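**Q** Need coordinates for the below:
(one chain, ligands or ions: 1)
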Amino acid sequence: MKVAVVFHSASGSTKQLAQAVASGAAVVSDVEVAMVEIVGADIIEGRFRNTKLLQQLDKADALVFGSPTYMGCVSAQFKAFSDATGELWSTQSWANKVAAGFTIGANLSGDQLNTLQYMQVFASQHGMLWVGLDIPGNYDPEMRNRLGAQSGLIAHSVDGVLDETDLLAARYLGQRVAQVSKKLAA
Ligand SMILES: Cc1cc2nc3c(=O)[nH]c(=O)nc-3n(C[C@H](O)[C@H](O)[C@H](O)COP(=O)(O)O)c2cc1C
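**A** Numbering: from 1, shown residues only. Predicted structure coming up:
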């Protein structure tokens, strides 16, 4: 079972979440986890060009998408990556892969939900199966999902220092994606 955490991060906070998601997925037995970073250098004249990266994702059973919230949506780098997958859309070659998402913003209510919703639509365009969080906000003894979104993980940091509960929720999201993927494959 292969889980890929596909993310863009400019100043490192989304990357910290991605590492936590990956570590959560890795605790599930027989799961191989890859960190797949979207970098600006792969965007040439506005188009994301990294065939190897897309081929790596083809082989994964589950993709967890991560992007900072920029201007109320995914970053331009993440969007360029998602546009590049348009070539796969007509064949639906990612259909029935499991998908999930996480984001972070500097404002408590900085329109991060729109970022998750974009990722969810993106996954649906590929026929993927979206997995949200099954942690009801403010009802968790560990205070994971403190911001209460269940479409995916919304984290918040004003200075790039991650809240421990957001990292716990990210770990949990990774674990959940790996477990659901195994269940589907059984
Ligand atoms: C161009 C730009 C736009 C941003 N837009 C938002 C926003 O709409 N909502 C929000 O809460 N934070 C916004 N932020 C803050 C980032 O989401 C936040 O700093 C995040 O932690 C950056 O992630 P990174 O460290 O992975 O790059 C914005 C930051 C930048 C640079």
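**Q** Get me the contact residues on the protein for the ligand.
**A** 9-15, 68-72, 104-107, 110-112, 157, 160 (Cβ under 6 Å from any ligand atom). (C-beta placed from N, C-alpha, C; glycine too.)
**Q** residue contacts, Gln117?
**A** Ser151 (Cβ atoms under 8 Å, 6 or more residues apart in numbering).
**Q** what's the helix or strand for it?
**A** Here Gln117 is covered by helix 112-125, with elements defined by DSSP states H and E.
**Q** Give the burial count for the closest residue to Ile38 other than its chain neighbours, as a bare number.
**A** Using Cβ to Cβ, 6 or more residues apart in numbering and skipping the chain neighbours, the partner closest in space to Ile38 is His8 (4.1 Å). Using other Cβ atoms under 10 Å, His8 has 24 neighbouring residues.
**Q** Enumerate every residue touching His8.
**A** So, once contact is read as Cβ under 8 Å, 6+ apart, His8 ends up touching 14, 37-39, 66-68, 74-75, 77-78, 81.
**Q** Now do the buried residues in the host helix or strand of Leu184.
**A** Take DSSP H and E as the rule and Leu184 turns out to sit in helix 164-185. The neighbour-count check on helix 164-185 (16 or more other Cβ atoms under 10 Å) flags 165-182 as buried.
**Q** Could you check how far the helix or strand of the chain with the lowest mean pLDDT is from the centre of its chain?
**A** When the helices and strands of the chain are scored by mean pLDDT, DSSP states H and E, helix 86-89 comes last with a mean of 94. Counting by Cα atoms, centre = their mean, to the nearest Å, helix 86-89 is centred 19 Å from the centre of its parent chain.
**Q** contacting residues around it?
**A** 54, 58, 94, 125-126.
**Q** Could you single out the nearest of the residues you listed to Ser151?
**A** Gln125 (16.0 Å; Cβ to Cβ).
**Q** Mind checking which of the residues of the chain next to the ligand land in helices?
**A** Of the residues of the chain next to the ligand, the ones assigned to helices by DSSP state H are 13-15, 112.
**Q** Report the contact partners of the most centrally placed residue in the chain.
**A** The residue lying closest to the centre of the chain (Cα atoms, centre = their mean) is Phe65, at 2.2 Å. By Cβ under 8 Å, 6+ apart, the contact list for Phe65 reads 6-7, 78, 99-102, 119, 122-123.
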